[in-house]
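A.B. asks: Build me a model:
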Amino acid sequence: MVATNVNPSEKYRNRAAWISAIASVFIFLIKMGAYRLTGSAAVLSDALESIVNVVASIVALFVIRFASQPADAEHPYGHGKAEYFSAAFEGGLIFFAALMIIGESLKALINHEPAQKLELGVLIIGGAAFLNLLLGVYLKQMGKKHHSEALQASGAHVISDVTTTVGVMVGLGLVLWTKIEWLDPAIAILVGLQLAFQGFKIVRQSWGGLLDEMDEGSLENLTNALQKNRMPGIIDIHHLRIIRSGSFHHVDAHLVVPEFWNMLQAHNETHDFERKVVQDYPVDGEIAFHLDPCKKSFCEICDLENCPIRRVPFKTLRPFTVKSLTGGPAATNPLAYENANRSN
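C.D. replies: The predicted structure follows:
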C-alpha cells in the first residue's frame, strides 16, 4: 500500500538553479577582474574557488532538472539520487580547486611575486562577497524548503566562499599594514587547506545519501508524523527503513494490526493511516507496510475497543520512538515478542 504527495517544488528548484548559475558567472568575473588588477595570490585563490561555483551551478542545473523527472519503467524509484551525485561532484571540484590554489600559492611564495593596488582589490572582492552571501542564503533556504540536496550543497559552498573571501580580505589588510609580502601567498595556502576540508565534508555527506545512510533528522520527522496520526488498530511498527531519493523518500516498515481484520479492512485502515502520515511528513514520499497479525500477544498495548479476541485488559500505548521503529518488535514490547514466537 502506498501513499504519495504531488510534488509542486520542481519549478522553484529549477529557478533557483538558474539564478545560481547566472550569479556565479557574474561573481567569478568580478573576482578575476580583481586578480588582474592586483596580481595577488590570495585573490587568485578566491577566484579559483568561484570557478568551482560556476561549474557546480551548471551541473546542478541539469542534475536538478533530471532528478525532478517522475519514476518510469527503468527507474521505478525515480531519479532523485542524481542530486547526491551533483553534491558529490561539487565536493570533488572544491577539493581539486584547493590543490590548484595550494600549488599556485607555493609558486608565488617561491618566486616572491609582489601584489599591487591591494586597497582597490579588497573593495572589489568585498562587493563580490556580499553578492555571494545573498546567493548562498537564498540557495540554502530554497534547498531546505524544497528538499533539494543539490541546492543545499551549493548554498553551503557559496557561504563557505564568503568566509574564504572575508579571510582573504583580512589577510590582505595585514599585508597592507605590515608590508610583509610573503603573507599574501601564505594566506592563499591557508585558504586552499580550508577548502580541501570543506570539499571532503560535502563528498562525505553525499556519499551517505547515495548509500542510504541513516539520517536522524528524517527519522525524527517520520516518528513525529507516525505518532501524531496513530489510531486504534495501529498496534506496533518496527523494522522501519528510509530510502532517500533526493526530494522523495521511500519508507518500508512492518505494521502489526489486529489478526481478526480481513484483507479489505486491513487495506483500508492502513491506507488511511499512510495518507495522513505522508501529509504530515515534511518530505514528499510513500510508505509500504508489511502487515503482521497481532497473534493475541499485544493486548496490553493495543487500545482497540470491543476487541473480540482480547486476552488481557489494555494498559497503555507504547509511544513510537526512533529506536522502537527501526528495531525489531522486541524493541517495543519484549514480552509480546516472546509470546508471539511461542505461539508460532
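A.B. asks: Any stretches of the stretch 101-250 of the chain with poor pLDDT?
C.D. replies: 113, 147, 149-150, 205-214, 245-247 (pLDDT under 70).
A.B. asks: what are the ranges of the strands in the stretch 101-250 of the chain?
C.D. replies: Assigned by DSSP state E, counting those that start in this stretch, the strands in the stretch 101-250 of the chain fall at 236-245, 248-257.
A.B. asks: Output those strands as CSV; include the columns mean neighbour count.
C.D. replies: Any C-beta I mention is one placed from the backbone N, CA and C, and that applies to glycine too. Putting the strands of the stretch 101-250 of the chain into CSV (neighbours: other C-beta atoms under 10 Å) gives the following:
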stretch, mean neighbour count
strand 236-245, 20
strand 248-257, 21
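A.B. asks: Columns distance to residue 96 on top of the ones you listed, output as CSV?
C.D. replies: Listed next are the strands of the stretch 101-250 of the chain as CSV, based on distance: least, C-beta to C-beta, whole Å:
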stretch, distance to residue 96
strand 236-245, 26
strand 248-257, 30
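A.B. asks: For residue 310, which of these is the nearest?
C.D. replies: Of all those, strand 248-257 sits nearest to residue 310, with 14.5 Å by C-beta to C-beta.
A.B. asks: Mind listing residues that contact the closest one?
C.D. replies: 7, 77-78, 80, 218, 222, 233-243, 266, 269-270, 281, 283-294, 298, 325, 329 (C-beta atoms under 8 Å, 6 or more residues apart in numbering).
A.B. asks: got the CA coordinates for it in CSV?
C.D. replies: What follows is strand 248-257, C-alpha atoms only, in CSV (Å, rounded to 0.1, in the frame of the first residue of the first chain):
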residue,chain,number,x,y,z
PHE,A,248,11.5,11.9,-2.4
HIS,A,249,11.6,9.3,0.4
HIS,A,250,10.6,5.7,0.3
VAL,A,251,9.6,4.2,3.6
ASP,A,252,9.4,0.4,4.3
ALA,A,253,8.2,-1.0,7.7
HIS,A,254,6.4,-3.8,9.4
LEU,A,255,3.0,-2.9,10.8
VAL,A,256,1.2,-5.0,13.5
VAL,A,257,-2.6,-5.0,13.1
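A.B. asks: partner strands of that strand, parallel or antiparallel?
C.D. replies: strand 236-245 (antiparallel), strand 284-293 (parallel) (DSSP bridges).
A.B. asks: Restricting the selection to alpha carbons, write the last one to PDB.
C.D. replies: In this case it means strand 284-293. This file holds the C-alpha atoms of strand 284-293, laid out as PDB (Å, rounded to 0.1, in the frame of the first residue of the first chain):
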ATOM      1  CA  ASP A 284       7.400  14.000  -0.300                       C
ATOM      2  CA  GLY A 285       7.300  10.300  -0.200                       C
ATOM      3  CA  GLU A 286       5.500   6.900   0.000                       C
ATOM      4  CA  ILE A 287       5.100   4.200   2.600                       C
ATOM      5  CA  ALA A 288       4.900   0.500   2.000                       C
ATOM      6  CA  PHE A 289       3.800  -1.600   5.100                       C
ATOM      7  CA  HIS A 290       4.300  -5.300   5.500                       C
ATOM      8  CA  LEU A 291       1.300  -6.400   7.700                       C
ATOM      9  CA  ASP A 292       1.900  -8.600  10.700                       C
ATOM     10  CA  PRO A 293      -1.000 -10.100  12.700                       C
END
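A.B. asks: so how far is that strand from its chain's centroid?
C.D. replies: What separates the centre of strand 284-293 from the centre of its chain is 24 Å, taken as C-alpha atoms, centre = their mean, to the nearest Å.
A.B. asks: Could you list every helix and strand in contact with the helix or strand following it?
C.D. replies: As assigned by DSSP states H and E, the chain's next helix or strand after strand 284-293 is helix 322-326. Packing contacts for helix 322-326, counted by 3 or more C-beta pairs under 8 Å, 6 or more residues apart in numbering; DSSP states H and E, involve helix 216-228, strand 236-245.
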